[in-house]
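**Q** please work out how this folds:
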Amino acid sequence: MAKGAKRGGRVRDKWRDKQWIVINAPSAFGGSALSYVPITDADHAKRRVIENTMFDILKQDPAQHQTKVFVQIDRINDGIATTIFKGHEYAKEFLRSLVRRGSSMIDDVYDYTTMDGYTFRVEVIAFSQRRLNTSKKHEIRMIARKLLSDKIPKLTIDQFVQEATMGKMGADLLAEAKKVASLRHIGIKKTKLISTSETRAIQEAKAIGTAESPIEEEKADEEPPAESLQ
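**A** Residues are numbered from 1 along each chain as shown. Next up is the predicted model:
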């Protein structure tokens, strides 16, 4: 029995206090309406992460259900929330469908920064037609890392999101990696936003402030005492 019922009071319906807002997709996906969610307070809802699929966003191909996309609420104004891309990953069902007996799985995880200062942790995954030895796996990892290290720093955040989630980056990886071994699949399995240009600037400012504070204290200690008036 609820506490309110014990005292003879009415049980509060929390759903009546909620506000429904429209979640817009990030600018990389056109900024169109993505979902409709309830929130209790606009300030607390900021930085909330919403999970969708690529099909929810683009509504083009049913195969897009195999990719999950995470967006984070950035601002809320007049019941409409703008979002930033937080990351994506392959659905578990899709990953299981890629596994085959007698083949090898190759993966590599590394951090890359776009030209406008967004750092992402990117995980590449590949599946071969037949088993590969260690040297072949290493060579494929190095090809993937070199290609992404050359490519991502030249892309804006929107360009990176589109190429990583829509298959363009995976196609570029396949074109290079197939020179080493026959692959059934290679693509960007997962991305995760690590930092933005704004958060990096804040961290650097804090680091500079921490480094300067002991020097200022030493200077204060070195100041000679004021001369006494005669």
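
**Q** care to break this protein down by domain?
**A** Segmentation of the chain into domains, based on automatic domain parsing, reads 18-89, 99-214.

**Q** in TSV: those, plus mean neighbour count and mean pLDDT.
**A** Heads up, the C-betas are built off the backbone N, CA and C, glycines and all. TSV is the format used below for the domains of the chain (neighbours: other Cβ atoms under 10 Å; pLDDT from 0 to 100):
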stretch	mean neighbour count	mean pLDDT
domain 18-89	16	90
domain 99-214	16	90
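
**Q** contacts for the biggest strand by length in the chain?
**A** In the chain, taking DSSP state E as the definition, the longest strand is strand 183-195. Strand 183-195 has contacts (Cβ atoms under 8 Å, 6 or more residues apart in numbering) with 72, 84-90, 95, 98, 100, 103, 107, 111, 118-129, 140, 144, 164-165, 167, 169-170, 173-174, 177, 203.

**Q** tell me the strands beside that strand, with direction?
**A** Paired strands of strand 183-195, with direction, are strand 80-90 (antiparallel), strand 119-128 (antiparallel) (DSSP bridges).

**Q** list the buried residues of the very next helix or strand once past the longest one.
**A** Spelled out, that is strand 80-90. Sequence order places helix 92-98 as the next helix or strand after strand 80-90, per DSSP states H and E. By neighbour count on 16 or more other Cβ atoms under 10 Å, the buried set for helix 92-98 is F94, L98.

**Q** all strands for the chain, in order.
**A** In the chain, the strands defined using DSSP E lie at 19-24, 33-39, 49-53, 67-77, 80-90, 105-113, 119-128, 183-195.

**Q** for S149, which of those strands is the nearest?
**A** Closest to S149 of these, according to Cβ to Cβ: strand 105-113, at 6.7 Å.

**Q** touching that closest one from outside, list them.
**A** Outside strand 105-113, the residues that touch it by Cβ under 8 Å, 6+ apart are 99, 119-128, 132, 137, 140-141, 144-145, 148-149, 152-153, 189, 194.

**Q** kindly calculate the angle that it makes with strand 183-195.
**A** Interaxial angle of strand 105-113 relative to strand 183-195 (axes from the mean of the first three to the mean of the last three Cα atoms, to 10 degrees): 30 degrees.

**Q** okay, now the sheet partners of strand 105-113, with direction.
**A** Strands that pair with strand 105-113, judged by DSSP bridges, come out as strand 119-128 (antiparallel).

**Q** can I get the strands paired with strand 183-195 in TSV with distance to K68?
**A** Below are the strands paired with strand 183-195 laid out as TSV (distance: least, Cβ to Cβ, whole Å):
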stretch	distance to K68
strand 80-90	5
strand 119-128	14
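
**Q** right, and those strands - which one's nearest A45?
**A** Of those, nearest to A45 by Cβ to Cβ is strand 80-90, at 7.4 Å.

**Q** which other residues reach that closest one?
**A** Under Cβ under 8 Å, 6+ apart, the answer for strand 80-90 is 21-26, 28, 31, 34, 45, 49-50, 54, 66-76, 120, 125, 157, 161, 164-165, 187-193, 196.

**Q** mind running it again at 6 Å?
**A** Strand 80-90 has contacts (Cβ atoms under 6 Å, 6 or more residues apart in numbering) with 21-24, 26, 49, 67-75, 161, 165, 189-193.

**Q** so how far is that strand from its chain's centroid?
**A** Remark: strand 80-90 is offset 7 Å from the chain centroid, using Cα atoms, centre = their mean, to the nearest Å.
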